[in-house]
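> Structure for this input, please:
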Amino acid sequence: MAQAGLDVARLRAELTEARAGLAERNRAIVLLGQENAALRAHDAVLSAKLGALVERVAELERWAGQTPRNSDKPPSSEGYDKPAPRSRRERTDRQSGGQPGHEGKTLRQVQNPDERVRHAPSACGSCGSLLAGAPVILTEARQVFELPEIALRVIEHALGQAGRPAAPARPAPAPSATTINQIQPGPRGRGEVCAFDLSKETDILST
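Next up is the predicted model:
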């Protein structure tokens, strides 16, 4: 009987220990469930933020890819990123510039220029000593092709009148270049004035 009592006591102790272990496991399961729920909620928040970031990146990429050629942005918005202009000429095997066999034309020095201007160094570029009166041992010719200055040429048209005693005096016909005004520019003068006005407008537009 004593042995049976000991076995019952031992079984009750084991049962109590098993129940305590089961309760501890149940508490761990509850805690794990709570942590899992918190992680799922946090994952949902992160997924929402990631979706918003993906949409924002896509929007920025679309905005960065916009140019005046595929949107309503002004041409000035390209700044220095503007692509180089493309030639509309069709590609051929010929190189640009003068072709072989073509006679080129350029300015060449003439033997007898209209004016010669002598230039002599005033001092040595190395030691700085004066070279006044020193003989010129070498001359290099550089020619400048310049247009002559334009000067006004005044032409006076004297319109004489002649007549007979019985008839009124008749003036000579005026040249077509003159008007009733006593002073006016000639045809070439008017052309130069128009060219000057056009060049002035071009300078204003280019500034």
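> where does the protein have its least confident helix or strand?
In the chain, the helix or strand scored least confidently by mean pLDDT, DSSP states H and E is helix 187-206, which has a mean of 55.
> neighbours of Glu149, just the number please.
A count of nearby residues for Glu149, using other CB atoms under 10 Å, gives 5. Every residue, glycine included, has its C-beta placed from N, CA and C.
> meant to ask about Ser122, not that
8.
> Same check on Leu147?
Neighbours around Leu147, by other CB under 10 Å: 5.
> residue ranges with poor pLDDT in the chain?
Counting by pLDDT under 70, the chain shows low-confidence ranges at 1-5, 78, 80-83, 163-172, 176-182, 187-207.
> would you list every one of the strands in it?
161-162, 170-171 (DSSP state E).
> Now do the first one: which elements does it pack against?
Packing partners of strand 161-162 (3 or more CB pairs under 8 Å, 6 or more residues apart in numbering; DSSP states H and E): strand 170-171.
> just the helices in the chain please.
Ranges of helices in the chain, per DSSP state H, are 2-64, 187-206.
> And the ones you listed: which comes nearest Arg91?
The minimum distance between Arg91 and the helices of the chain falls on helix 2-64, with 31.2 Å, by CB to CB.
> Can you lay out the helices of the chain as a markdown table showing mean neighbour count?
Below are these laid out as a markdown table (neighbours: other CB atoms under 10 Å):
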| stretch | mean neighbour count |
| --- | --- |
| helix 2-64 | 10 |
| helix 187-206 | 10 |
